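S.K.: One predicted model, sequence on top.
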Amino acid sequence: MQHELIFAGFGGQGIMFGGQLLAYAAMDQGYHVTWIPSYGPEMRGGTAYCTVVIADRAIGSPVVKHPSIGVIFNAPSFDKFVPMLQPNGLLVYNLSLIPQRAPRQDLIIVPVPATERAPTPQLTNMVMLGALLTAKPILSLDALRAALEAHMPQHRRNLLAANYEALAIGAQLAEQILV
């Protein structure tokens, strides 16, 4: 088993933390993991992205050219990264910031109104992660909650309950969409 993911959106949307948290959760569950962020001028406001590879065996290359899963937070990232997704892959996208469009017909599509349903806009990433792991249970939501507990910086621990709530909202939205 090997899953290759891309998380993409505006800098400041929690793209890097979302990908890193998923990588931590997978690593904590004993999987082989890579996480590669893309920093640079896009760090504050432009398109930012990271790739995550989760596998049950050694990962030959951390480079992801054609991810099987896209978690897309904004319209510019949608336009840039959706064409790269593998056929029969999964696309989870933020319907709050990406107007309805005709995405590829060869993907499983989960449009999530993540920003408008998140407890705060800063938790959009957790809503998206909840939706992702419901649409494609690579890991359990409990594994992600445990990773939050284990890896949340001390100065942010007061936000654990809100993060758990956002994960649950994302899971519920994906369940409704996938019916």
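M.R.: Received the coordinates, thanks.
S.K.: From the contact counts, what lies against whatever helix or strand residue 129 lives in?
M.R.: Residue 129 is part of helix 124-135 when elements are defined by DSSP states H and E. Helices and strands touching helix 124-135, by 3 or more CB pairs under 8 Å, 6 or more residues apart in numbering; DSSP states H and E, are helix 15-28, strand 69-72, strand 90-94, strand 108-112, helix 114-117, helix 141-151, helix 160-178. C-beta coordinates here come from the backbone N, C-alpha and C atoms, glycine included.
S.K.: Generate TSV for these, with mean neighbour count and distance to residue 135 as supplementary columns.
M.R.: Below are the helices and strands packed on helix 124-135 laid out as TSV (neighbours: other CB atoms under 10 Å; distance: least, CB to CB, whole Å):
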stretch	mean neighbour count	distance to residue 135
helix 15-28	22	13
strand 69-72	27	9
strand 90-94	25	6
strand 108-112	19	5
helix 114-117	20	13
helix 141-151	17	12
helix 160-178	18	5
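S.K.: any chance of these in TSV, plus distance to residue 49 and mean pLDDT?
M.R.: As requested, the helices and strands packed on helix 124-135 are exported to TSV (distance: least, CB to CB, whole Å; pLDDT from 0 to 100):
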stretch	distance to residue 49	mean pLDDT
helix 15-28	6	95
strand 69-72	9	97
strand 90-94	13	96
strand 108-112	18	94
helix 114-117	16	94
helix 141-151	20	95
helix 160-178	19	95
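S.K.: closest one to residue 84 among the ones you listed?
M.R.: Among those, strand 69-72 comes nearest to residue 84, with 7.8 Å by CB to CB.
S.K.: which helices and strands does the closest one pack with?
M.R.: strand 2-10, helix 75-81, strand 90-94, helix 124-135.
S.K.: 10 Å - rerun?
M.R.: strand 2-10, helix 15-28, strand 47-55, helix 75-81, strand 90-94, strand 108-112, helix 124-135 (3 or more CB pairs under 10 Å, 6 or more residues apart in numbering; DSSP states H and E).
S.K.: Can you give me the end-to-end span of stretch 92-111?
M.R.: Taking CA to CA, to the nearest Å, stretch 92-111 runs 6 Å from one end to the other.
S.K.: Compute the distance between residue 161 and residue 36, please.
M.R.: 30 Å (CB to CB, to the nearest Å).
S.K.: Could you dump the helices and strands packed on strand 69-72 into CSV and include distance to residue 151?
M.R.: As requested, the helices and strands packed on strand 69-72 are arranged in CSV below (distance: least, CB to CB, whole Å):
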stretch, distance to residue 151
strand 2-10, 16
helix 15-28, 5
strand 47-55, 14
helix 75-81, 25
strand 90-94, 22
strand 108-112, 24
helix 124-135, 13
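S.K.: Tell me which of these lies nearest to residue 143.
M.R.: Of the helices and strands packed on strand 69-72, nearest to residue 143 by CB to CB is helix 15-28, at 4.8 Å.
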